[in-house]
Each structure stands twice: as structure tokens, then as C-alpha cells.
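Q: Turn this into a model:
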Amino acid sequence: MQLNCLQENLSQGLGIVQRAVATRTTLPITQHVLLSTDEGRLKLSATNLEIAISTWVGSEILEEGSITIPARLLTEFVNSLEKQTIAVSTASSGTGIEVKGDRVEATMNGADASEFPPIPSVDQGVSTKIAGKTLKDAIHQVVLAAAVEDSRPVLTGVNIEIEGSQITFAAADGFRLAVRTAELLEPVNEKLSIIVPSRTLSEIERLIEGDEPVDFVITTQRSQALFRLKNVEVVSQLIQGTFPNYSQLIPQERTTRAIVDLGELQRATRTASIFAKDGSGIIRVQIFPEDSGGPGKLTISSRAEEVGDNTGDIAAEVEGSEGKIAFNSRYLSDVLAVLNKDKVALEMTTSSSPGVIRPLDNEDYVHVVMPMFVQW
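A: Here you go, the predicted structure:
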């Protein structure tokens, strides 16, 4: 293999695939990056056996070939260089590369490309397209609710259901539930449901730039999914199992609904969170309808015995009766951070029933948060 490549292009490409490089592993080769020539470009690939990321970098290919090099070593070396043209060639040993710049050169030992785990290719299966910005927004609004611990593997993923031209993303960790629906650019002929690891979708969100369509392919065996972006491909193993019937967790009725300004609610929640840190993370929310004494309002408070307490009022349009509910401050802050409307609706029935948060006049997104039990 012999090629010339711009330092900034190679650095950017290594930055893309770096997130798929294994950190702690019993298979050392997965800590390498695969360099290979592909139709006049340099292809970089990395995999931790759960997710594989490949990207293509514009290069002047002088001789075809492939080899694997420790990812961290190559990335740190390339990032240390100034912007320039880098010459990369296979070392005389056959299991390493020589890298030459304007005033620098290095030799790096690697391994034969045949030792690298095969990068999955998804050529057959159910395929569709989704707008890049739509996918990015949907992931951003849902992935925060996925579980972090592996005690129930299906909850560490995001359930994706596709039917016709509609796609639904859902994630739940036992304390909260986020559901987002969106439109596909290409409808599918069959109804299907898969669970994609939340880590995979977080990488997809990071990689999406602009609104170019993203190709989405699911294998016929429902074992892998491929996301194809501009010059980047991500292939992920899917989580096997049955996702909970989350539609049962979304309250169908409400006794109280408060519509408030999102920015004001974020500020009040942020302030209350300061005191909630030492008070089991509890934020109390009280909703007061309009009465003869004044307009409706939403009161947010928190207290910690050793620190103090805090109370803040927000003007609100209130429908229904007076209500009170307590939330974990982090869960409330998380959902408010991913909303993109000026107004937000908070809905509830009783203080022991889940609270529902959704952007106003938007049926595409709903977030359910389990209440915390407190003495009022």
C-alpha cells in the first residue's frame, strides 16, 4: 500500500472511527484501525464487535493494499502534525507502515489485515431513508431515557418500530419513557420492530451533519442494522429480546394540565436543582389554576435539611384542578433540555401517577416521568 493524504483529512477520518475502537478487550486486534484502499480512496474501519464504523478519505492512491495499525498510536501521531501532505506506505516488514511528512517520519508496527474482524456488510434486507435532521432530533430526544445498566439488556437500547412511512423511537429505563414519531422519506412494505443499542444511536447523532438523507437498512435476520451517511457507514448488532409494551405506560387521561414558557421552566428547575442535590434530588411541582385572586401559576420548590430551601413561581395557563407532583431533578432537567418549542405542557392526574411532558401543539414527542413519593 502506498498513498498520499492531507493531514487534516486523515485526522478527521481517524476521529470518526475512533469511537468504535475497543478500549478494554480480550481481542487486541480490535484496538487497531484497518487501513485499506477502496476505489481510489483510503478507507478507515474500526470495530469493537458490537458496532463497526467505516469512513472514506480522499487520497492519492499509488499502490493498493491494506493493513491494521494500533488506532491510538496512529491517531495521536497524525494529530500532532501540522497541516501538510502525509505519505503512507507499507513497511518492508509487511506488518507495519512508514509515515512521512515535511520534516518528520515514523514507523509503526501493526498486523496483517486478514487478522482484523470482518466488517459486516448489509446488502439485503429492509431498507428505507430518513432525513438527517429528523433522525438527529429523534435520537437526541429519546436516547436520554435509555437505561445505562445492563441488568435488563433490552432497556439499554432504543426500540424502533417502522410501519408504512412512519417510524417510532422509544426508550425507557424504568423511571422515564421517551417516545418520538417521525416520517420516513421512503415507506416500507412490512411492519417491523428492532432494538438498536443506545450507544450506536448516540454515535449516529454525533456523525450526522446537515439534512442529507440517511440510508437505513435492517438485515432479513433482524440481527444487524446499517446507517449510511455521507462518506460514513455504521453497522451495529441489534439487541435481541422483547421491548416492554410502552404504550400502556402513557397516561390516557389527565386531571390537570399546565402550559408554561420552556425557558422559564428550565431556569426554575435549574435553580431548584441546586438545593435538590442535598435533598435526594427531589423537585416539588405544584399547579394552581386561575382564581379570583390572580392568574394560574406553577410553583417549583426544593429543600434539603442541612442546606436550605428554594421556591419559584412561573405564570401558567392551567386547565383542570389543582395538582402536585414531585420529580427527580435530573430527569426533569434532561427532558427540558431536548425540547425545541417555546411552550411546554405538563400533564398529571395524581401525585402518585406518572407526569407527562410534551412540547405544545406537537404530537410527535411525549415524555413520561415516574413521580417521587414525598411528604407534602
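Q: Run through the stretch 251-376 of the chain and note the low-pLDDT ranges.
A: Across the stretch 251-376 of the chain, the ranges flagged by pLDDT under 70 are 279, 292-293.
Q: All the strands of it, residue numbers only.
A: For the stretch 251-376 of the chain, the strands defined by DSSP state E, counting those that start in this stretch cover 256-261, 282-288, 297-304, 308-315, 317-320, 323-328, 343-348, 355-359, 365-369.
Q: Kindly reformat the ones you listed as a markdown table containing distance to Leu14 and mean neighbour count.
A: Every C-beta, even on glycine, is put in place using the N, C-alpha and C of the backbone. Formatted as a markdown table, the strands of the stretch 251-376 of the chain follow (distance: least, C-beta to C-beta, whole Å; neighbours: other C-beta atoms under 10 Å):
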| stretch | distance to Leu14 | mean neighbour count |
| --- | --- | --- |
| strand 256-261 | 44 | 20 |
| strand 282-288 | 43 | 22 |
| strand 297-304 | 45 | 20 |
| strand 308-315 | 47 | 15 |
| strand 317-320 | 52 | 18 |
| strand 323-328 | 39 | 22 |
| strand 343-348 | 40 | 22 |
| strand 355-359 | 38 | 21 |
| strand 365-369 | 35 | 23 |
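Q: who wins for proximity to Thr134 among these?
A: Smallest distance to Thr134 across those (C-beta to C-beta): 12.1 Å, for strand 365-369.
Q: Hey, what's the angle from the closest one to strand 355-359? Just curious.
A: Strand 365-369 and strand 355-359 are oriented at 160 degrees to each other (axes from the mean of the first three to the mean of the last three C-alpha atoms, to 10 degrees).
Q: Give the partner strands of strand 365-369 in its sheet and their orientations.
A: Looking at strand 365-369 with DSSP bridges, its partner strands are strand 176-183 (antiparallel), strand 355-359 (antiparallel).
Q: ok, the closest residue to Thr156 other than its chain neighbours - contacts?
A: Computed as C-beta to C-beta, 6 or more residues apart in numbering, the closest residue to Thr156 that is not its neighbour in sequence is Ala147, at 5.1 Å. By C-beta atoms under 8 Å, 6 or more residues apart in numbering, the contact list for Ala147 reads 155-156, 172-174.
Q: Would you map out the domains in this structure?
A: Segmentation of the chain into domains, based on automatic domain parsing, reads 2-115, 125-247, 251-369.
Q: which ones are touching Gly96?
A: With C-beta under 8 Å, 6+ apart, Gly96 has these contacts: 67, 69, 90, 107-110.
Q: among these, which are in strands?
A: Among the contacts of Gly96, the ones falling in strands (DSSP state E) are 67, 69, 90, 107-109.
Q: Of those, just say which sits nearest to Gly296.
A: Ile69 (63.2 Å).
Q: Would you map the helices across the stretch 1-150 of the chain?
A: Per DSSP state H, counting those that start in this stretch, the stretch 1-150 of the chain carries helices over the ranges 7-17, 71-80, 132-142.
Q: which helices and strands sit right next to the last one?
A: This points to helix 132-142. Packed against helix 132-142 by the contact rule (3 or more C-beta pairs under 8 Å, 6 or more residues apart in numbering; DSSP states H and E) you find strand 166-172, strand 176-183, helix 198-207.
Q: In JSON lines, list the ones you listed along with mean neighbour count.
A: Supplementary listing: the helices and strands packed on helix 132-142 in JSON lines, determined by neighbours: other C-beta atoms under 10 Å:
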{"stretch": "strand 166-172", "mean neighbour count": "22"}
{"stretch": "strand 176-183", "mean neighbour count": "21"}
{"stretch": "helix 198-207", "mean neighbour count": "20"}
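Q: Of all these, which one is nearest Ser11?
A: helix 198-207 (15.7 Å).
Q: Mind listing residues that contact that closest one?
A: 16, 19-20, 50-51, 53, 135-136, 139-140, 142-143, 146, 156-158, 171, 214, 225, 227, 229, 232, 234, 236.
Q: by how many degrees do that helix and helix 7-17 diverge?
A: Helix 198-207 runs at 150 degrees relative to helix 7-17, counting by the same axes, to 10 degrees.
Q: Many thanks, have a good one.
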